[in-house]
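[1] I need the structure of the sequence given here:
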Amino acid sequence: MVQIRQFADVELISAPPSIDHYRFHRSVKFNVQAAPGFTQGQAIQCLKEIFAENNFKDLDYGFVRLARTQNESGGQVLILFALAGLAVFLIPSETYESYITLTTILLTVPLAILGGLLFVKLRSMNINVFP
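    This is a model prediction of the structure:
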């Protein structure tokens with residue numbers, strides 16, 4: 001009779017019960033929480049800088065949920081404000097049926113408010129509503 005030790009080694013190996021995958025690649029989940037006084041955008045930027053500085057070869061990162069949405073839509077805020085300004089201009093111009101009338105209104109109202117505040121400031125008056 002031949003013993004199994006003569007031609008084989010036995011080694012106990014344990015593996016994780018499940019392996020996480022993200023976009024068909026093995027992944028490691030970790031949560032990053034911004035310290036008090038810092039925004040989520042600053043935390044995302046810091047994480048990007050850490051990965052850029054350390055030059056990991058076979059390691060990449062990705063964002064999920066709110067961080068992914070924030071990261072993808074970061075540069076679209078200016079476009080959104082421009083479209084909102086255009087809507088503010090075009091919708092009332094349809095009401096007045098003239099671009100010149102609307103341009104006059106849009107320029108004179110802020111100018112009148114600025115002139116009133118400047119006059120109050122020059123006279124050193126109090127701007128508070130409550131005495």
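
[2] the most centrally placed residue in the chain sits in which helix or strand?
    Centroid-nearest residue in the chain, with C-alpha atoms, centre = their mean: residue 70, separated by 3.1 Å. Assigned by DSSP states H and E, residue 70 belongs to helix 65-72.

[3] which helices and strands does that helix pack with?
    helix 40-54 (3 or more C-beta pairs under 8 Å, 6 or more residues apart in numbering; DSSP states H and E). In this view, the C-beta of every residue, glycine as well, is placed from N, C-alpha and C.

[4] the helix it packs on: which residues count as buried?
    Within helix 40-54, the residues scored as buried using 16 or more other C-beta atoms under 10 Å are residue 44.

[5] show me what that helix is packed up against.
    helix 65-72.

[6] where along this protein do the helices fall?
    40-54, 65-72, 77-96, 99-122 (DSSP state H).
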